[in-house]
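Engineer: Return a 3D structure for these sequence lines:
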Amino acid sequence: MKECLDLIKNRKSIRHFASRDIDIELIRNILEAARWAPSGLNNQPWKFVIVKNREIKEKIGNLSHYKRIFIEAPVLIPFFLDTSSLYHREKDIMGLGAAVENMLLAAESMGLGSVWLGEIIKAKEEVEKILSMPDDTEFFGVVAIGYPNENKTRERKRKKLSEIIEKEFL
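Structural biologist: From the prediction side, this is the model:
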């Protein structure tokens with residue numbers, strides 16, 4: 001339990017990456033972690049794209065306020081809701097979120113840094129077009145991954161547990 005909690009507590013969003021390449025097998029392991037996320041009726045309503053190509057990273061980055069992160073990260077993993085396998089839209093979106101969290105934790109466990117980029121959703125149609133995605137996929141964001149090139153010791157604030165527990169029926 002402690003190892004799991006330590007991994008969760010130590011994971012931070014990394015926005016500056018070293019220019020070091022990432023072995024494709026590490027990326028496949030990160031996606032393997034995503035594959036094992038829970039989903040309603042085990043429908044696994046997700047699709048992922050691996051982007052290392054600089055030209056494509058620049059095209060996507062040009063659509064975002066965070067262009068530098070998109071270009072600097074050695075790997076981008078745009079993620080999509082697979083609408084052909086929907087069971088319950090809201091529940092499936094939560095499943096996609098669980099898959100993304102698994103990716104972030106897997107990257108952390110491998111010594112990689114990552115950040116979940118959601119602001120890019122405003123350019124949903126453009127990203128889908130750049131990546132030539134089929135009509136039965138809906139863009140929901142990007143995970144940028146690389147070796148960290150920033151101080152991971154900065155303070156992070158979290159609400160107290162007592163602030164997030166609304167009620168207890170013990």
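
Engineer: contacts for the helix ranked longest in the chain?
Structural biologist: Criterion DSSP state H: the longest helix present in the chain is helix 89-109. Residues external to helix 89-109 that are found in contact with it (Cβ atoms under 8 Å, 6 or more residues apart in numbering): 7-8, 10-11, 29-40, 43-46, 77, 79, 81, 85-86, 113-114, 116, 140-141, 143, 145. C-betas here are computed from N, CA, C, even on glycine.

Engineer: Among those residues, name the buried ones.
Structural biologist: For the contacts of helix 89-109, a burial check counting by 16 or more other Cβ atoms under 10 Å picks out 11, 30-31, 33-34, 37, 39, 43-46, 77, 79, 81, 86, 113-114, 116, 140-141, 143, 145.

Engineer: Give the next helix or strand downstream of the longest helix of the chain.
Structural biologist: Going down the chain from helix 89-109, the next helix or strand is strand 113-117, by DSSP states H and E.

Engineer: what's the angle between that next one and helix 89-109?
Structural biologist: 160 degrees (axes from the mean of the first three to the mean of the last three Cα atoms, to 10 degrees).

Engineer: Please export the C-alpha coordinates of the helix or strand following strand 113-117 as PDB.
Structural biologist: Using DSSP H and E, the helix or strand that follows strand 113-117 in sequence is helix 124-130. Extracted C-alpha coordinates of helix 124-130, given in PDB (Å, rounded to 0.1, in the frame of the first residue of the first chain):
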ATOM      1  CA  LYS A 124     -11.000  19.000 -30.900                       C
ATOM      2  CA  GLU A 125     -11.900  18.900 -34.600                       C
ATOM      3  CA  GLU A 126      -8.600  20.300 -35.800                       C
ATOM      4  CA  VAL A 127      -6.600  17.700 -33.800                       C
ATOM      5  CA  GLU A 128      -8.800  14.900 -35.100                       C
ATOM      6  CA  LYS A 129      -8.200  16.100 -38.600                       C
ATOM      7  CA  ILE A 130      -4.400  16.400 -38.200                       C
END
